[in-house]
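**Student:** Pasting the sequence and the predicted model now:
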Amino acid sequence: MDSLTLFCTASLVAGGLYWFICILGSAERKGKRAVNLSGGSIAKENVQDKYDQYWTFFRRPKEIETAEKVPAFVDTFYNLVTDIYEWGWGQSFHFSPAIPGKSHRDATRLHEEMAVDLLNVKPGSKILDAGCGVGGPMRAIAAHSGANVVGITINEYQVKRARLHNKKAGLDKQCEVVCGNFLEMPFEDNSFDGAYSIEATCHAPKLEEVYSEIYRVMKPGSLYVSYEWVTTELYRGEDAEHVEVIQGIERGDALPGLRHYTDIAEVAKKVGFEVVQEKDLAKPPSNPWWTRLKMGRFAYWRNHVMITVLAWVGIAPKGVVDVHEMLFVTADYLTRGGETGIFTPMHMILCRKPE
């Protein structure tokens, strides 16, 4: 091979790699870079062990039903997945219905803005984000409504990421992030003008515990809206495929057990809320929320190659490869849950705390 041919071949390969990694990029082009993927607050050398420990919760199912063990379980999960979520999905760790002519990012933002619009709060109001993650919804909601948002997450690493993003967005004076358990929040009674949770309370071992806490910190007359992960009226517990899909979602998303949609309003009323509205936002005429997962299959394989190489050369923690593969398998279960209609991640309930 002459030098010109060798040069052209090398240039073609280099250009292809540059396009593959830098131009095509991950799903989220702002925020995390592949070379910065970590295990959150977990030391690099311990990521693989923590990933293995995560699965012990399912090898001994009774442990996951023990309330005091669930917070640590969820915290471990988010240490493992936060960087991958942010790099491959975005800063809003939730789904939204696809909107023709709109990007995924715009569809996500509109889904978040709808939540705060339902609360009917005024600029300057103080509202709670129960389970805020790295604050994607918080920032969209603060910018849209003018409200001051206080978010709480159990994961210390997410607190750091959220505060960094809030400052970059110029919203650090409007958005506050607290590290804590939403089952025991460090807030005074009757201190919020409204509250919301977006696909977050599914991590609570008992829904009444988190709903009771949210109820406690809300002012009388204020509203609370939640997007809940639930099984639908089409789910059949005697159907082996249905059970496999739901258990796959639970195991891949750190859920102590998915609830049936009929449980949500019942629990809300039990803790004292008045139910104003209840609706599955995934049902027609909404477009499928799972299309983004199906469209992202190529992105997954591209990203998996990148992560594997980065782990092999020692840049990324070894366990990150297993975490990424787990999330891909879970995405398939989520897609199957959406396509069969047995699962929805956006069962919306709007509640009022009585005067």
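**Tutor:** Now that the structure is in, tell me what you want to look at. Numbering: from 1, shown residues only.

**Student:** In what element of secondary structure is residue 48 found?
**Tutor:** Element membership for residue 48, per DSSP states H and E: helix 47-59.

**Student:** cool, and residue 264?
**Tutor:** Using DSSP H and E, residue 264 falls in helix 261-270.

**Student:** can you pull the buried residues of that helix?
**Tutor:** Buried positions in helix 261-270, judged by neighbour count with 16 or more other Cβ atoms under 10 Å: 261, 263-264, 267-268. (C-beta placed from N, C-alpha, C; glycine too.)

**Student:** Not counting its own residues, what contacts the helix holding residue 48?
**Tutor:** The contact list for helix 47-59 (Cβ atoms under 8 Å, 6 or more residues apart in numbering) reads 38-39, 42, 63-64, 69, 73, 76-77, 79-80, 251, 254, 317-320, 322-323, 326.

**Student:** same check, this time on stretch 240-256
**Tutor:** 54, 58, 64-65, 70, 73-74, 76-78, 202-205, 229, 231, 235-237, 257-258, 326-327, 329-330, 332-334, 336-337, 340, 342-343.

**Student:** List only those of these flagged as buried.
**Tutor:** Buried among the contacts of stretch 240-256 by 16+ other Cβ under 10 Å: 54, 64, 70, 73-74, 76-78, 202-205, 229, 231, 235, 258, 326-327, 330, 333-334, 336-337, 342-343.

**Student:** Which of those residues fall in helices?
**Tutor:** Members of the buried ones among the contacts of stretch 240-256 lying in helices (criterion: DSSP state H): 54, 64, 70, 73-74, 76-78, 326-327, 330, 333-334, 336-337.

**Student:** out of those, who's nearest residue 197?
**Tutor:** When those are compared for distance to residue 197 (Cβ to Cβ), residue 74 wins out at 13.9 Å.

**Student:** So residue 195: helix, strand or coil?
**Tutor:** strand (DSSP: H, G, I helix; E, B strand; the rest coil).

**Student:** Against residue 111, how distant is it?
**Tutor:** Residue 195 sits 17 Å away from residue 111, going by Cβ to Cβ, to the nearest Å.

**Student:** So for these two, which residue has more residues nearby?
**Tutor:** Taking other Cβ atoms under 10 Å, residue 195 and residue 111 do not tie; residue 195 has more neighbours (25 against 22).

**Student:** That one reaches residue 213, doesn't it?
**Tutor:** No: between residue 195 and residue 213 there is no contact under Cβ atoms under 8 Å: 9.9 Å.

**Student:** what is in contact with the two at once?
**Tutor:** residue 130.

**Student:** got the contact list for residue 278?
**Tutor:** With Cβ under 8 Å, 6+ apart, residue 278 has these contacts: 264-265, 347-350.

**Student:** got the buried residues for the helix or strand harbouring it?
**Tutor:** Per DSSP H and E, residue 278 falls inside strand 274-280. For strand 274-280, the neighbour count (16+ other Cβ under 10 Å) marks 278, 280 as buried.

**Student:** if you average pLDDT over the helix holding residue 48, what comes out?
**Tutor:** Summarised as a single mean, pLDDT over helix 47-59 is 87.

**Student:** can you dump the C-alpha coordinates of it into CSV?
**Tutor:** Coordinates of the C-alpha atoms in helix 47-59 are reproduced here as CSV (Å, rounded to 0.1, in the frame of the first residue of the first chain):
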residue,chain,number,x,y,z
VAL,A,47,-18.8,0.7,40.8
GLN,A,48,-18.8,-3.0,39.7
ASP,A,49,-19.3,-4.2,43.3
LYS,A,50,-22.2,-1.7,43.8
TYR,A,51,-23.8,-2.9,40.6
ASP,A,52,-23.6,-6.5,41.8
GLN,A,53,-25.0,-5.4,45.2
TYR,A,54,-27.9,-3.7,43.4
TRP,A,55,-29.1,-7.1,42.0
THR,A,56,-29.0,-8.7,45.5
PHE,A,57,-32.2,-6.8,46.3
PHE,A,58,-33.9,-9.0,43.7
ARG,A,59,-32.2,-12.2,44.6
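
**Student:** so how far is that helix from its chain's centroid?
**Tutor:** Using Cα atoms, centre = their mean, to the nearest Å, the mean C-alpha position of helix 47-59 is found 20 Å from that of the whole chain.

**Student:** Dump stretch 103-121 to PDB, restricted to CA.
**Tutor:** The C-alpha coordinates for stretch 103-121 follow below in PDB (Å, rounded to 0.1, in the frame of the first residue of the first chain):
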ATOM      1  CA  SER A 103     -38.300  17.500  19.000                       C
ATOM      2  CA  HIS A 104     -38.100  15.100  22.000                       C
ATOM      3  CA  ARG A 105     -36.700  18.000  24.000                       C
ATOM      4  CA  ASP A 106     -39.600  20.300  23.200                       C
ATOM      5  CA  ALA A 107     -42.100  17.400  23.900                       C
ATOM      6  CA  THR A 108     -40.500  16.900  27.200                       C
ATOM      7  CA  ARG A 109     -40.600  20.600  28.100                       C
ATOM      8  CA  LEU A 110     -44.300  20.900  27.200                       C
ATOM      9  CA  HIS A 111     -45.100  17.800  29.300                       C
ATOM     10  CA  GLU A 112     -43.400  19.500  32.300                       C
ATOM     11  CA  GLU A 113     -45.000  22.900  31.700                       C
ATOM     12  CA  MET A 114     -48.400  21.200  31.700                       C
ATOM     13  CA  ALA A 115     -47.800  20.000  35.200                       C
ATOM     14  CA  VAL A 116     -47.200  23.400  36.600                       C
ATOM     15  CA  ASP A 117     -50.100  24.900  34.600                       C
ATOM     16  CA  LEU A 118     -52.400  22.500  36.400                       C
ATOM     17  CA  LEU A 119     -51.200  23.900  39.700                       C
ATOM     18  CA  ASN A 120     -52.400  27.400  38.800                       C
ATOM     19  CA  VAL A 121     -49.500  29.100  40.700                       C
END
